[in-house]
Structures are given as structure tokens and as C-alpha cells.
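A.B. asks: Coordinates for the following, if possible.
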Amino acid sequence: MVIPRHTMTILLLFLLFFSPLVSRACHPVDKEALLDFKHRITDDPSKLLDSWTASTDCCTSWEGVACDSSGRVVNVSRSGLVSGDDFIVDTYMTGTLSPFLGNLSSLQVLDLSNVKDLKGPIPPEFGKLSQLSYLFLDSNKLTGSLPVSFRCLSQLKKLFLNNNLMSGVVPLTVTASWKLVTELGLSGNAFSGPIPSSIGKMVMLIQLDLHGNNFSGTIPSSIGNLKNLKYLDLSENQISGVIPQSIGGLSALELLYLNQNKLGGRIPSSISGLTSIKFCRLSDNKLTGSLPPSIGQLPNIQRLILENNKLTGKLPATIGHLTTLTDIFFSNNQFTGKIPSSFGKLQNLQTLDLSRNKLSGELPSQLAKLQNLQTLDLSYNPLGLGSIPNWIQELKVFTLMLAQTGIEGKLPDWLSSTSMSTLDLSSNGLTGKLPRWIGNMTSLSFLNLSNNGFHSSIPVEFRNLSQLMDLDLHSNKFTGQMNAIFSKEINEPLGRFNSIDLSGNMFVGPLDEKIGERPAMAFIHSLVLSHNTLQGTIPKSIGKMSELQVLELVNDGLSGMIPEELGDAKELTTVLLSRNKLSGAIPEKVLNLKELKEFDVSSNRLRGKIPPHKATIPRSAFLHNRGLCGSPLPPCKR
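C.D. replies: Numbers count the residues shown, from 1 in each chain. Prediction:
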């Protein structure tokens, strides 16, 4: 659970500034306002307002309320999330905001954050709170728009309305009047329209978080005026246009998130002005052109995330100057040419993801110097590697992904002595047997050797992969039985399968009758065994796989009946059993699985009436079974 940063801020303000002995009783106007707010709270199970009674003094007896020496309320703090050195109290209230709170003319702090169930709009009367400095209403269910009357809150320093249900346009006049605001959070709502250009007048801003809304239009160039800005998050909106050159003026900026928008054009060369930037995320946009060499002038950058754009050209060698970098995510662009040898200077790099580009040429051996590298992903590039470079064994990577990079021949023996947890060598030209030493790779949790040319049985040593949870060997020429996979060891709490895909091989059956009782299969979500020569029957024990969602046994030569026990696997969404020799009736229990979305038993030898069912299943899913009848096929004859 994340505790809002402002919770401790308010606690300190409450203790340090608003705890002096008051000389006068609570002002009747303030008391009336607070009691009206309590009256509009319809549910308070945590008794946050239990001490607020008409018979007591709100300045001395009410929890969460503090007054100044004249008896005027200056602080109302009833946050739903309160933390201490060794505890966290998570509470909630249901109700609406009282317009009478606007009568608290001396109020400086109002914190009703995270009570979860405050509904309705923010009353426009809140605009009368001329002394208000801190307003926290985040993590509720407030609706409506930002009141235009907020332009009168000239003393406001921090405003958080994050994670509500608010909508509408942010008025130009409001942001223009907030000269003292240092932190503004409107994220997780449905605000729309343009980001007001007057945002550039909020020159005291340190933090601006507008992510997760429906803001559109362009990023105003006036944003470059915010010289104190350290945190800028405009991600997950509908913002278009280009990144303005003025953004280079944000020399204090440490975090820049513009991801998941509709930004186009080039990354401006002025990006070199972001001399304090640590985290830069521009992914999931429509950015084009080449990376400016000036990107190599960011002395504090740690994470650079540019994936899922349309960037082109060669990778600038100047990136090698960014020695503070820990993570590079450049996947799914159109970068060309070689990987610069200067990347070998990035001694702090932990993740290098250049997958799904058009990179070619020999890999620079200087990458062997990246001794802190944990993840190397060069998949889906026309590298034409021929073989996995031997210098990779000098690295200590946990994740190695080289799918479709032109690797041929056999697996190198040195893989057996690595501590990799993820290995993806799919869609290459690997051949030969799956070596017995595969059993030495006991740290593997994900193994993908699909779409290669392996032609052997699964060695018994495979059972030693006690941490393996995802296995994909589809589209090879594997032979023999599958039991070494299903009966492999587990290493609690790891090693239970999430997914298995063994389709498109030459495995033989019959399937293990106790497959659903094997410890490694207890929590499997997806089991795909299609296009093999299994023969035999469908094991009844598959129904004991309580987490199974996808079962695919297409074209496996299976015979016998569809076991009714499959209906015990309550999470099944996909059941594909077509092109086999299955006989008998379709069990009603299977066809009426609550989560069932896709079902296909076509091209079998099934008979009888198709059971009534709620799922929308096309006619084609039952065709080519001579004995089947009933909707959606023709009606049964008597």
C-alpha cells in the first residue's frame, strides 16, 4: 500500500503549527460548518468524526481539528490513511462535501484524502477559502468539474485531486491565479480539453501530475517557464503535436513521463537542457526521426524509455557518455545499423532492450564489459548472429532474449553453467538434441525454444528444473513422451507451471492419467498440446486443474469421450478439441462452464443433442460430427 507523501506533511503541520493552547472557544460559524459536513456523512464505520459533537468545543475536543488563538478553525485533517512508526490505519467515509465548509474563512489545511467514498461535486463555495494553503481530496469518488471559483484560492500551495471521477476542462483563469502552487495532482480522473497555456504562470511548481486523464491538444510551450519543476507526468492522455523545444529549459526536472499519448515529430535537440533528469519515459507515442546526438548530454539520467514509437536512424554513439544509465528500453522502433561499441562504457547498465528494431551487423564485444547487466534483449533484429557470441558468458545476465536473430546450430555448452532465469532463443535455426545438461539450469523460470529444429526426446534431467514456470517448445520436432515435463520437481513456492506450449511436435502419448494431480501442474493457466500424435483419451484429472483457463488439444488423434470432469475446471475460458476421434455426447457440465468464451469440437465422432448453453459459440465449432444435432446445428430427429 502506497502512503501519500502529503500525509506526513499534514501531520507535521498539525503538530508543529496548530497545537498551541487556544484562548477562545470554537467560532460558532466554524462549528456549524463542520457539523453540517458530519451530517452529510452517511457512513463512518471507523468513527473518524465520532468526537465531533455539538456539546463539545471543536477546538479542544474534536479529533482532526485545530484552531488559532482566536478560535477560528485552521486545520481539518481526517484522512482515510494514517500511518505511524509501526502501524497503518486504513479507513473510509461515505457522504458528500458540505458547501458550508466554504465558511471556514481562516482554514489553511483541508485533508479528506483517501476516505474512498466521498461523492458528488466539490462545492463552488470552496472558492471562499481565501486562506487555504493545502487541499487534499484525492482517492475518493468526487465527480463534476474543477470549480471556476478556485481562481480565488490565491494562497494555495498544494492541491491533490488525484484518483477521483472528475471531468471537464481545467479553466485558464484558475491556473493563471495559482502563483504559489508548488504541487498539483489531478491524475486518475477524466479531465479533458487542452492543458491550459496559463500553466506557464505557475512558476513555483515543483510537481505537476496530470496522468491518466483525457487531456488533448498540444503541450503548451509555456511549460518551459517552470524553472523549479522537478516532476512532470502527462502520461496516459490524448496529447498530440510535438514535444516543444522549450522543454529543454526545465533544468531542474528529474522525472519526465509523456508516455501513452499521441505525440509525433522528433525528439527535440533541446533535450540536452534536462541536466537534472533521472527518469525519462516517452514510450507508446508516434515519435519519428532519429535520436539527437545531444541525448548524450544528460549527466544524471538513469532510465531512458523510448519503446513503441517510430524512431529511425542509427543509435547515437553519444549514448555511451551516459554512464549513470541503469535501463535502456528502445524496443519496437525502426532503428538501423550497428549497436555502437560505446555502449560498452555504460558500466551501471542493468537492462538493455533493443528488441524489435532493424539493427544489423556484428555485436560489439565491448558489451562484455557490462558486468552489472541483468537483462539483454536483442530479439527480432536481423543481426544474423550465426551463433550466440561467446563473450555473453562473461556477463551475469538473468534474462537473455535472442529470438529471431539468426542463431544456428546447437546450444552452446556454456549455458549449462549460467544462472539465467529467462532464456528465449525462439524462431531461430537451432538444431540437434535438447542436451541433458539442460537439467543443470536450475534457475530457469522461463524457457522458450519454440520454432526451431530440435529433434529429440525430453531428457529425464529436465525434471531438475524445479523453478520453471513457463515453457514454450512449440513448432520443433520433439519426440517421445511428455511425462518428464509434467512430473518435474518444484521448489516451493516456485516451480509450478503457469503455461506450457508443446504444440506442433511429434510427441506421443498416451497422456499421463494423473496429469492434473502432479504438483507442477496444480496452478497452470494455459496448457497447449495440439498437433502431436498423442492418441489415447483425455485424462479426467485435467478437471482438477483449478486455475486452468486455456486447454488446447487440437489434432492429437485423441479418442474416447470428453470427460465430464473437465467441467470441474471452473476457470476454463478456452476449450479446443477439434480434429480428433472423440465420441459420445458433449457433457452439459463442460458446455456450461461459467467463464467459457471459446469452444470447438468440430471434426470428431460426437453424437447426441448439443446441450443448451449460454456462451455464444458459432455453428462451425460443432460441424463435421455426423451424430450431433440441436442448436446451432439442425434440430434432432425423433
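
A.B. asks: make it CA atoms for all contacts and neighbour counts henceforth
C.D. replies: Will do.

A.B. asks: So what sits opposite residue 599 in the bridge?
C.D. replies: Beta-bridge partners of residue 599, counted by DSSP bridges, are residue 575.

A.B. asks: OK, contacts around it?
C.D. replies: When contacts are counted by CA atoms under 8 Å, 6 or more residues apart in numbering, residue 599 touches 574, 575, 576, 577, 591, 617, 621.

A.B. asks: Now do the contacts for residue 560.
C.D. replies: Counting by CA under 8 Å, 6+ apart, residue 560 has contacts 536, 537, 538, 581, 582, 583, 584.

A.B. asks: I'd say residue 311 and residue 291 touch.
C.D. replies: Yes - the criterion here is CA atoms under 8 Å, and residue 311 meets it with residue 291 at 7.3 Å.

A.B. asks: which sections of the stretch 51-200 of the chain are below the confidence cut-off?
C.D. replies: 82-88 (pLDDT under 70).

A.B. asks: Could I get the full set of helices for it?
C.D. replies: 172-177 (DSSP state H, counting those that start in this stretch).

A.B. asks: Could you identify the most distant pair in the contacts of residue 599?
C.D. replies: 577 and 617 (13.9 Å; CA to CA).

A.B. asks: of the two, who's got more company?
C.D. replies: Counted by other CA atoms under 10 Å, residue 577 and residue 617 do not tie: residue 577 has more neighbours, with 25 against 16.

A.B. asks: So that one versus residue 589, what's the distance?
C.D. replies: Distance of residue 577 to residue 589, given as CA to CA, to the nearest Å: 16 Å.

A.B. asks: just residue 598 next, same as before
C.D. replies: For residue 598, the distance to residue 589 - CA to CA - is 15 Å.

A.B. asks: again with residue 366
C.D. replies: For residue 366 relative to residue 589 (CA to CA), the value is 60 Å.

A.B. asks: Kindly report the same for residue 465.
C.D. replies: To residue 589, residue 465 is 36 Å away according to CA to CA.

A.B. asks: So for the two, which sits in the more crowded spot?
C.D. replies: Legend: neighbour count by other CA under 10 Å for residue 465 and residue 589, higher for residue 465 (22 against 16).

A.B. asks: Now do the contacts for that one.
C.D. replies: Residue 465 neighbours (CA under 8 Å, 6+ apart): 439, 440, 441, 442, 443, 444, 488, 489, 490, 495.

A.B. asks: pLDDT score assigned to residue 638?
C.D. replies: Per-residue pLDDT puts residue 638 at 67.

A.B. asks: what do you get for residue 257?
C.D. replies: Looking at residue 257, the pLDDT reads 98.

A.B. asks: Please, where are all the strands along the stretch 101-250 of the chain?
C.D. replies: In the stretch 101-250 of the chain, the segments counted as strands under DSSP state E, counting those that start in this stretch are 109-111, 116-120, 134-136, 141-142, 158-160, 167-169, 183-185, 190-194, 207-209, 214-216, 231-233.

A.B. asks: how about JSON lines for the ones you listed, with mean neighbour count and distance to residue 371 added?
C.D. replies: Converted to JSON lines, those look like this (neighbours: other CA atoms under 10 Å; distance: least, CA to CA, whole Å):
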{"stretch": "strand 109-111", "mean neighbour count": "23", "distance to residue 371": "48"}
{"stretch": "strand 116-120", "mean neighbour count": "20", "distance to residue 371": "46"}
{"stretch": "strand 134-136", "mean neighbour count": "21", "distance to residue 371": "45"}
{"stretch": "strand 141-142", "mean neighbour count": "24", "distance to residue 371": "48"}
{"stretch": "strand 158-160", "mean neighbour count": "20", "distance to residue 371": "42"}
{"stretch": "strand 167-169", "mean neighbour count": "17", "distance to residue 371": "49"}
{"stretch": "strand 183-185", "mean neighbour count": "19", "distance to residue 371": "39"}
{"stretch": "strand 190-194", "mean neighbour count": "20", "distance to residue 371": "45"}
{"stretch": "strand 207-209", "mean neighbour count": "20", "distance to residue 371": "35"}
{"stretch": "strand 214-216", "mean neighbour count": "22", "distance to residue 371": "42"}
{"stretch": "strand 231-233", "mean neighbour count": "20", "distance to residue 371": "31"}
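
A.B. asks: Which of those strands sits closest to residue 255?
C.D. replies: Per CA to CA, nearest to residue 255 of these: strand 231-233, 4.9 Å.

A.B. asks: surely residue 373 meets residue 399?
C.D. replies: No - between residue 373 and residue 399 there is no contact under CA under 8 Å: 9.3 Å.

A.B. asks: Between the two, which has more neighbouring residues?
C.D. replies: Applying other CA under 10 Å to residue 373 and residue 399 shows that residue 373 carries more neighbours, namely 23 against 20.

A.B. asks: pLDDT score assigned to the closest residue to that one other than its chain neighbours?
C.D. replies: The spatially closest residue to residue 373, leaving aside those adjacent along the chain, is residue 350, at 4.0 Å (CA to CA, 6 or more residues apart in numbering). Turning to residue 350, the model gives it a pLDDT of 98.

A.B. asks: can you check residue 9 too?
C.D. replies: We have a pLDDT of 51 for residue 9.

A.B. asks: Kindly report the same for residue 22.
C.D. replies: Taking residue 22 on its own, its pLDDT is 44.

A.B. asks: ditto for residue 46
C.D. replies: Reported pLDDT for residue 46: 86.

A.B. asks: Now for it: which residues touch it?
C.D. replies: Applying CA under 8 Å, 6+ apart, the residues near residue 46 are 91, 92, 93.

A.B. asks: hmm, 10 Å instead?
C.D. replies: Contacts here follow CA atoms under 10 Å, 6 or more residues apart in numbering; on that basis residue 46 touches 80, 89, 90, 91, 92, 93.

A.B. asks: A strand includes residue 270, no?
C.D. replies: No - remark: residue 270 does not belong to a strand; assigned using DSSP: H, G, I helix; E, B strand; the rest coil, it is helix.

A.B. asks: burial count for the closest residue to it other than its chain neighbours?
C.D. replies: Distances taken as CA to CA, 6+ apart put residue 248 closest to residue 270, at 4.7 Å, once the chain neighbours are dropped. If you count neighbours by other CA under 10 Å, residue 248 ends up with 19.

A.B. asks: burial count for residue 278?
C.D. replies: 19.

A.B. asks: Could you find the closest non-adjacent residue to it?
C.D. replies: That would be residue 301: by CA to CA, 6+ apart, it lies 4.1 Å from residue 278.

A.B. asks: Any chance of the backbone angles for that neighbour?
C.D. replies: Main-chain torsions, residue 301, degrees, to the nearest 10: phi -60, psi 130.
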